[in-house]
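A.B. asks: fold the following.
(one chain, ligands or ions: 1)
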Amino acid sequence: MALTDLIDIELAVPNPSELEEFWNRRGLLTTGTGRLGTPERESQLRLAESDYRHVSQMRIATETQEDLVRIAASLQKMGAAVELGDGWLESIDPVIGHSIRIEVTKTNPLPPIAPRELNGPGRLNRPNRRSEAAVREWAPKPRRFGHVVFGSTDTKASVDYYVNGLGFRISDRLPDVEATFLRCSTDHHNMLILPAPVPCMNHYALELEDFDAIGLRGVEVVRERPDASVYGMGRHVVGSNVFWYLLDPAGGMFEFFADMDQITDDDLWDNEIRREDWDPFTIATYESGISKMDFFLPTDIDVIAAGRERAGL
Ligand SMILES: [Fe+2]
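C.D. replies: Numbering: from 1, shown residues only. As a prediction, this is how the structure comes out:
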């Protein structure tokens, strides 16, 4: 695969400093102007100011300049806007309108954290000691930006652009609801395209260590704002990830996730495991309650539509 990773997104919101402080409280450091991350992943989210909430740029990693040249040719062939430089390529998503920037960069695998000591039936791993999660002696940080989900007014054109233009691969599809899960790394999905009446971001997702890390960080958000929980915790079927969907102070939905399926053998997955016939109600194998409507479409979609109109999109 030419593409190797999703680096980050730039999120444009009316009050970026409020969002920056929110993420600082969740364990992301300010690693540059408007840039949030950790020492091991310095850029996970970038923030910019805009009069309406939207993703303004996605940055994607690839291996070589030859990859960029090939991607540029594919984009030109489909009539998409593209600019090619030394070590980078920029294009504009033809349906949603954000900037795509692909950079030649080395892969940056995360160092694994030692497995936590969990007791279980017949497994005595933590004798005579309380769990670090129970006594809050553990402040897990978002370890990595993982994926972004967009609502598109033309899902066919969007999937065509990402697959045949940029080189994403299809991991699974729910054809009855026009949902396509796409990857540009070993993650089951780095992107999901859904239908929407107005092009918009559905959610962005940060990977945490495990379910306890999601619980500890998620409950902080709910303590600050009791109506912030949208859906979760639970475990998805497609992608397998454990999830909790919450709202940030800009009104954007984000997901804390863990334990997503990893695809290291593209041929095996694409030929034997990928399904393009999932039932539209295949959302979670278990969850703690029914999702709010924000899960499917931002409840302030009219505000986003008005912002897009002002921006001439
Ligand atoms: Fe997600």
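A.B. asks: can you tell me the SS state at residue 307?
C.D. replies: helix (DSSP: H, G, I helix; E, B strand; the rest coil).
A.B. asks: let me see the contact set for it.
C.D. replies: 50, 51, 52, 53, 54 (C-beta atoms under 8 Å, 6 or more residues apart in numbering). In short, each C-beta sits where N, CA and C put it, glycine included.
A.B. asks: tell me which parts of the stretch 101-250 of the chain are close to the ion?
C.D. replies: residue 205 (C-beta under 5 Å from the ion).
A.B. asks: mind listing the helices for the stretch 101-250 of the chain?
C.D. replies: Secondary structure of the stretch 101-250 of the chain, counting by DSSP state H, counting those that start in this stretch: helices at 155-160, 211-224.
A.B. asks: which among the contacts of residue 307 count as buried?
C.D. replies: 50, 52, 53, 54 (16 or more other C-beta atoms under 10 Å).
A.B. asks: quick check: the residue sitting furthest away from the middle of the chain vs the ion, distance?
C.D. replies: The C-alpha centroid of the chain is most remote from residue 128, which lies 38.7 Å away (C-alpha atoms, centre = their mean). Using C-beta to the ion, to the nearest Å, residue 128 is found at 39 Å from the ion.
A.B. asks: over to residue 30?
C.D. replies: 25 Å.
A.B. asks: ok, that residue touching residue 36?
C.D. replies: Yes: counting by C-beta atoms under 8 Å, residue 36 is a contact partner of residue 30 at 6.2 Å.
A.B. asks: now do the shared contacts for these two.
C.D. replies: Common neighbours of residue 30 and residue 36 (C-beta under 8 Å, 6+ apart) are 20, 24.
A.B. asks: which one's more surrounded, those two?
C.D. replies: residue 36 (28 against 14; other C-beta atoms under 10 Å).
A.B. asks: pLDDT score assigned to residue 1?
C.D. replies: Here the pLDDT value assigned to residue 1 is 52.
A.B. asks: what bits of the stretch 51-200 of the chain have low per-residue confidence?
C.D. replies: Across the stretch 51-200 of the chain, nothing is flagged by pLDDT under 70.
A.B. asks: go with 90
C.D. replies: 81, 106-109, 113, 136 (pLDDT under 90).
A.B. asks: ok, now the stretch 201-313 of the chain?
C.D. replies: 279-282, 289-291, 293.
A.B. asks: now the strands: where do they sit in it?
C.D. replies: 229-236, 242-247, 253-258, 284-287 (DSSP state E, counting those that start in this stretch).
A.B. asks: contacts for the last one, please.
C.D. replies: Yep, that's strand 284-287 we're talking about. 231, 232, 233, 234, 235, 236, 237, 243.
A.B. asks: do stretch 212-219 as well
C.D. replies: Contacts of stretch 212-219 (C-beta under 8 Å, 6+ apart): 26-27, 116, 131, 133, 136, 138-140, 142, 208, 229, 232-233, 242-244, 246, 256-258.
A.B. asks: could you turn the buried ones of the residues you listed into a ChimeraX selection?
C.D. replies: Buried residues among those (16+ other C-beta under 10 Å), as a ChimeraX selection:
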select :26,27,133,140,142,208,229,232,233,242,243,244,246,256,257,258
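A.B. asks: my read: residue 26 touches residue 221, true?
C.D. replies: Yes: shown here, residue 26 and residue 221 form a contact pair, counting by C-beta under 8 Å, at 7.5 Å.
A.B. asks: how many residues are close by the closest residue to residue 253 other than its chain neighbours?
C.D. replies: Once flanking residues are discounted, residue 253 sits nearest to residue 203: 4.0 Å by C-beta to C-beta, 6 or more residues apart in numbering. Residues lying near residue 203 (other C-beta under 10 Å) number 23.
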